[in-house]
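Trainee: Using only what follows, build the 3D model:
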Amino acid sequence: MSDVPESRVEAKARVIVVDDNRLIRELAKDALDELVSVETCASGEAALEALAREPAMLVVSDLEMPGMSGIDLLERIRLEQPGTEFIILTANASIDSAVRALRMGAADYLRKPVRADELGAVVEQVIARRRLIEENERLREMLDVVESCRTLTRCLDPGEVYAVALDVFLQSLSRSRGLAFFRRTAIPTSDGVAFRGFGEADAVMLRNELVNQKSFDMESVDGIEVVHEGPVVDLLRKSGIHGGRVLSVPLRGNGEELGIVWIIEDEGARAFEAGEIERALIIAGHAHIALANAERYSHAKERAFIDDVTEVYNARYLLQAIDHEIQRAKRYDKQLSVLFLDLDRFKLVNDQHGHLIGSQVLRRLSEVLQPCIRQVDTLARYGGDEFTIVLIDTGHEAGLAVAERIRRTVAEAIFDGGGDQTIRLSISIGVATYPAHGMDREHLLDASDKAMYRAKSLGRDQVCSADDLG
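Mentor: Numbers count the residues shown, from 1 in each chain. Modelled structure (predicted):
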C-alpha cells in the first residue's frame, strides 16, 4: 500500500492571532479569514498550546497582555518553533518595545488601533515573503540535487549507475539505509544488489531473498511510491529488517535496463515529505538518462566485438576472452578447452552458389552451433569459415565429446542453397586443453589449429586431439 505525499499543493497559510481583546480578535478573523486559515487566542499561553497542536506560518500578537507578554511569546516561539513568522501589535506608547521585537526577529509591527485593510496587507506581505524564501530554499535544494547527479553522467556501466544512484538518493534525502536491486543484462539470469547502511548478516539475508529466492518482482513497480505494507515491507521483515515506511523508486533505461531503489525510513525518524519525493523524482530522471547512456555505450562496445555476418563474437573478442579465461583457470586451478572448427570444402559453396548464399550458410552455421554449447562458453568467428569455441571448466575428454556432438550436428543439418537447393556440410575440429597443451593463448590456439588441420589431412569430417600431434 502506497501513500506518496502530495507535492507542492498550495494550502492556505495557518495564522494565529493573539490578543486579550475580543474585538481585536474578531476584527482580525474577519479581515484575514478569506486570505489565510485563522485561529484566535486570548493569551500567549493559549497560543503556545495551539502551536504545539499544529504549527503555524505566522503569529500576530499583541505586545501588552496579562500574563505572558508579546515579547515573552516571541522569545518562546523563537526557541521552540524558529521557523514561525511574527508580527507585533503595539500602542504608540510601546514603540520602543516593538523595535526590540524587530531586533529579536519579528517580521513587522502594526500600531493600534488596527485597521482591517492594513492588517490584511501586512499579513499578505509577510506570507508572500516567507513563501518566496521557502521557494528559494527549495530551488537551492534542487540545484544541490542536480549537482549531486553529475556523478551519474560519468557511469558507463549500468551496474555502477544503480549503486551511484543509491548513494545520491541517501545523500540528498539525508537517509542512512537503502539498497538497489537490478537486473544485470550483461549476465543473463543474474541480478545484482547494492547495499548501504546494512550489517553483513542483514545484507546476506536480503541478497538471498532477492537474488536466489526471487522474492520480489521488479516489473510490478510502475512508479515512485512510499509504502508501509505489502511485498516490499513483508520481504524486509522476513529478512529481519525493521523500520518505518519505504520509499520505492523504479529505475529504467531505454532498453532492457531495469532496477529499483528502496530507501528505508528508520524507526522513529521523520516521515518522507513531499520535498523528498520531488528530489527523488529528479534523481530518478537523471538515473534514467545515465542508464540510457550506459546502454548505448554497452551496445556500441558489444558491436565492436560482434561479427557482422554471423552475429557471434569476432576474433578481437575471442583473443580477450581466452586471456581472461586462462587467468581464471589459473586462479581456480581449473581446465579450459579450445575447439578450432573449419568447414570442409566451403569454397565450393561460394563457387557454386555465390558469396551471398555463402554468408547465409555461415550465419545459419552459427545458429546450429549455439545450442551445442553452454551459455557461459564463447563462440567466435575466427575468420572466413573458421570458428573457435572456448569451453570453460572443461577437461580434454569433455571437450572432445562436445566437439563430436558438434560434428554430428553439423553433418545432420540442412542449409539453404537458394531456390529449391539444399546444402549439406561437414566440419573438421581440433581440440586443445589448458594446461596440458598450452599455458597461454598463443600455444592453445596453435595446438587446436594444428589438431584441426590434422583432421583435414585424415579425410575431414572428424575430430582430432592435440594429444595426437607429433
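Trainee: Now do the contacts for the closest residue to Ala165 other than its chain neighbours.
Mentor: Once flanking residues are discounted, Ala165 sits nearest to Ala287: 4.3 Å by C-beta to C-beta, 6 or more residues apart in numbering. Quick note: C-beta positions are derived from backbone N, CA and C, even for glycine. Neighbour list for Ala287: Cys149, Leu152, Val161, Tyr162, Ala165, Leu251 [criterion: C-beta atoms under 8 Å, 6 or more residues apart in numbering].
Trainee: Any stretches of the stretch 51-200 of the chain with poor pLDDT?
Mentor: Within the stretch 51-200 of the chain, the stretches with pLDDT under 70 are 92-94, 184-190.
Trainee: What residues of stretch 144-160 count as buried?
Mentor: The neighbour-count check on stretch 144-160 (16 or more other C-beta atoms under 10 Å) flags Val145, Ser148, Cys149, Thr151, Leu152, Cys155, Pro158, Gly159, Glu160 as buried.
Trainee: With distance to Asp20 and secondary structure as added columns, please give those in a markdown table.
Mentor: Below are the buried residues of stretch 144-160 laid out as a markdown table (distance: C-beta to C-beta, whole Å; DSSP: H, G, I helix; E, B strand; the rest coil):
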| residue | distance to Asp20 | secondary structure |
| --- | --- | --- |
| Val145 | 47 | helix |
| Ser148 | 51 | helix |
| Cys149 | 53 | coil |
| Thr151 | 57 | helix |
| Leu152 | 58 | helix |
| Cys155 | 63 | coil |
| Pro158 | 66 | helix |
| Gly159 | 66 | helix |
| Glu160 | 65 | helix |
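Trainee: all helices for the stretch 51-200 of the chain, in order.
Mentor: 70-80, 95-103, 116-148, 150-153, 158-173, 200-207 (DSSP state H, counting those that start in this stretch).
Trainee: buried set for the longest one?
Mentor: Yep, that's helix 116-148 we're talking about. Of the residues in helix 116-148, those buried under the neighbour-count criterion (16+ other C-beta under 10 Å) are Leu119, Gly120, Val122, Val123, Val126, Ile127, Arg130, Glu141, Val145, Ser148.
Trainee: Find the centremost residue of this protein, please.
Mentor: With distances taken as C-alpha atoms, centre = their mean, Tyr162 lies nearest the centre of the chain, 3.5 Å away.
Trainee: Surely that residue touches Gly192?
Mentor: Yes: assessed by C-beta atoms under 8 Å, Tyr162 is found in contact with Gly192 at 7.1 Å.
Trainee: joint contacts of the two?
Mentor: Residues touching both Tyr162 and Gly192 by C-beta under 8 Å, 6+ apart: Ala180, Phe182.
Trainee: quick one on the thing from earlier: excluding chain neighbours, what is closest to the residue nearest to the centre of the chain?
Mentor: Nearest residue to Tyr162 in three dimensions, chain neighbours excluded: Ala180, at 4.1 Å (C-beta to C-beta, 6+ apart).
Trainee: Would you mind confirming that that neighbour is in contact with Val161?
Mentor: No: with contact defined as C-beta under 8 Å, Ala180 does not reach Val161; the gap is 9.1 Å.
Trainee: These two - which one has more neighbours?
Mentor: Remark: of Ala180 and Val161, Val161 carries more neighbours, 31 against 25, as counted by other C-beta atoms under 10 Å.
Trainee: residue ranges of the strands in the stretch 201-350 of the chain, please?
Mentor: Ranges of strands in the stretch 201-350 of the chain, per DSSP state E, counting those that start in this stretch, are 225-227, 246-252, 258-264, 336-343.
Trainee: The shortest one packs against which elements?
Mentor: Right, strand 225-227. In terms of contacts (3 or more C-beta pairs under 8 Å, 6 or more residues apart in numbering; DSSP states H and E), strand 225-227 is packed against strand 246-252.
Trainee: Okay, now the sheet partners of the strand it packs on, with direction.
Mentor: Here strand 246-252 is paired, per DSSP bridges, with strand 225-227 (antiparallel), strand 258-264 (antiparallel).
Trainee: Pull the residues that contact the last one.
Mentor: It stands for strand 258-264. Residues outside strand 258-264 that contact it (C-beta under 8 Å, 6+ apart): 162, 165-166, 169-170, 173, 175, 177-183, 197, 218-219, 221, 232, 236, 241, 243-244, 246-252, 280.
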